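# sequence plus predicted model, see below.
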Amino acid sequence: MKDSLSLTFPGFFAQTAERFGDRPAISLIGENPLTYAELDDKIKSLMAWLEALGVKQGDKMAILSISIPNWAVSYLAVTFMGAVAVPVLPDFHPDEITNILVHSGAKGIFVSDGLRSKIENTGNDELIKIRIEDYSLFNGEAPAGLFTPGVIPQGHYAISPDDLAAIIYTSGTTGNPKGVMLTHRNICYNAIQCSTVHPINENDRFLSILPLSHTYENTIGLIYPLMRGASIHYLGKAPSPSLLLPALKIVRPTAMLSVPLIIEKIFRNKIQPEFRKNIFLRIAVHIPFIRKKLNVVAGRKLMSTFGDELRFFGIGGSKLNKTVEKFLIEARFPYAIGYGLTETSPLLAGTSPGHFRLQSTGPAIEGVELSIFKPDPKTGEGEIWARGANVMKGYYKEPGLTEEVMTPDGWFRTGDLGVFDRDGYLFIKGRSKNMIVRAGGENIYPEEIESIINNFRHVIDCLVLDQKGKLVALVQFNTDEIAERNKYLKDEIKDYVEHKIEELRLELQLYVNHRVNKFSQIQVVIVQQEPFEKTATQKIKRYLYR
């Protein structure tokens, strides 16, 4: 089936709807799902409504919404008629959103109720503003009427695999957003290749907890399951514990996608405290054979929390903490690591559960070439280059930027540094722009030091920077956790917390410097009072703190 799938959205979906018409396709938790046949009908009705609003092939239509079934309907309707979807991350600032709408030349935008205020000052009175929950217009009834279920589109759209499907603006961690142009072929090919990492079928159930506006969730969590007749279930809100835990019991997912922060929080907030309950456990976790047995028991409880049917827990977006990954291995949790970028639709390398190597992203996926450009003769490390049908068409309206990252023979310069082991497993060292070169020529990867800091107690997050030749760590401590553990102090709690943070700051520096080489030692630890600003995949926006 893999080779027979179409490389356009309407092409593959027609095949799926024909095969799995009566199967559940997408739903909001607690609501009846749309079957594939019903989803097909709703997409066609929205296409007809867009035609009535004057949307034509090649027009740009933005989507600013939380992840709900109508996000998927909107995205598919736009791309089925040859228009171009412009997914916008919900956490973008209103000014960023306005810039994206202007830069992309968007004719209209689908917006969820909670995000409507972010588009109030776009300055474009001609922008079609559609309420995504029911497809009504924000600025009143249009002359063409209202969205009507059951209506079919009048146009016949010939979509080519090389037609533009989406322009995805990514803030990344380096500054101004760039519009990544992805074709139908880019996304469909990458989704098809996902089956070589972890095959799924119509019996699989996905629980979606990441923004659909990010390529990671979009390709692997939307397009891939829709190709295979699987069902997708949406929370409709941010994945807080109070919302997520009941949803896991209802859906009992077989597959989920996550960023490291989510599983790291579960480990630090749920798993580690259990191992610190008494002195026996605190000692036992340092004895390898006992720790492994304890982790197996913890793993069973974790699987139960996820509904006991999980077969694939994909982790991507940034590097997983080493201590957390060791736990997942010993707990026999079905995690898998993937590596990719928005520019590559996104997946470049990945492993299936049980085929991991500690701190590796796995080998290149089938159909993708990966190469290390000018590897260091001693370490084998260098910039990762990628080539394949999933590599973007370029940056929208930015030919100069496109030429900077694309070679004439089709290689994409990822900007990531990595090394292969003898079996072709890729290990990411960090971003080339983040790498710090000391006066003696030593290369320092701040991500590796940050991983050590994040294992220290009461640390929420951190950032390691070079400031005037000194390595400086900005560290956010969990003051609420410290206060809760010492709430008996009552009126004195504020002074105690401040004193404790100062103790932790000094202790942390010693902790780190005993675990790194001499030229990677931290000279200064600065307490970060406010949470770090992050991207959709929970990576800190480094450029804001340099």
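Good, I have the coordinates.

# and stretch 475-493, which residues are buried?
Residues of stretch 475-493 classed as buried by neighbour count (16 or more other CB atoms under 10 Å): 475, 476, 477, 478, 479, 481, 482. Where C-beta positions appear, they are placed from N, C-alpha and C, glycine not excepted.

# and the residue in the chain sticking out farthest from the centre, how far is that from residue 483?
The centre of the chain is farthest from one residue, residue 491, which by CA atoms, centre = their mean lies 42.2 Å away. According to CB to CB, to the nearest Å, residue 491 and residue 483 sit 12 Å apart.

# out of the buried residues of stretch 475-493, who's nearest residue 214?
Of all these, the one sitting nearest residue 214 is residue 476; the distance, using CB to CB, is 23.4 Å.

# show me what contacts the closest one?
Contacts of residue 476 were listed using CB atoms under 8 Å, 6 or more residues apart in numbering, and they are 459, 460, 461, 462, 527, 528, 529, 530, 531, 532.

# my read is it is in a strand, agree?
Yes - assignment of residue 476 by DSSP: H, G, I helix; E, B strand; the rest coil places it within a strand.

# hey, what's it bridged with?
Residue 476 has these beta-bridge partners by DSSP bridges: residue 461.

# next, count neighbours for the closest residue to residue 454 other than its chain neighbours.
Distances taken as CB to CB, 6 or more residues apart in numbering place residue 321 nearest to residue 454, at 5.7 Å, with adjacent residues excluded. For residue 321, the neighbour count with other CB atoms under 10 Å is 21.

# for the stretch 151-300 of the chain, which segments count as strands?
For the stretch 151-300 of the chain, the strands defined by DSSP state E, counting those that start in this stretch cover 164-170, 178-183, 205-208, 231-234, 255-258.

# go through these and name the closest to residue 107.
The closest of the strands of the stretch 151-300 of the chain to residue 107 is strand 164-170. By CB to CB, the value is 12.9 Å.

# so how far is the closest one off the chain centroid?
In terms of CA atoms, centre = their mean, to the nearest Å, the centre of strand 164-170 is found 15 Å from the chain centre.

# buried ones in that strand?
Under the neighbour-count criterion of 16+ other CB under 10 Å, strand 164-170 has 164, 165, 166, 167, 168, 169, 170 buried.

# just those now: which is nearest residue 191?
Ranked by distance to residue 191 (CB to CB), these are led by residue 165 at 11.5 Å.

# relative to residue 400, how far out is the closest one?
Separation of residue 165 from residue 400 (CB to CB) stands at 24 Å.

# just say helix, strand or coil for residue 428.
Of the three states, residue 428 takes strand under three-state DSSP.

# that one against residue 317, yeah?
No - Residue 428 lies out of contact with residue 317 (CB atoms under 8 Å); the separation is 11.8 Å.

# with neighbour numbers in mind, choose between the two.
residue 317 (25 against 21).

# residues near the nearest residue to that one once chain neighbours are set aside, how many?
In space, not counting the residues next to it along the chain, residue 317 is nearest to residue 537; the distance is 3.0 Å by CB to CB, 6+ apart. For residue 537, the neighbour count with other CB under 10 Å is 23.
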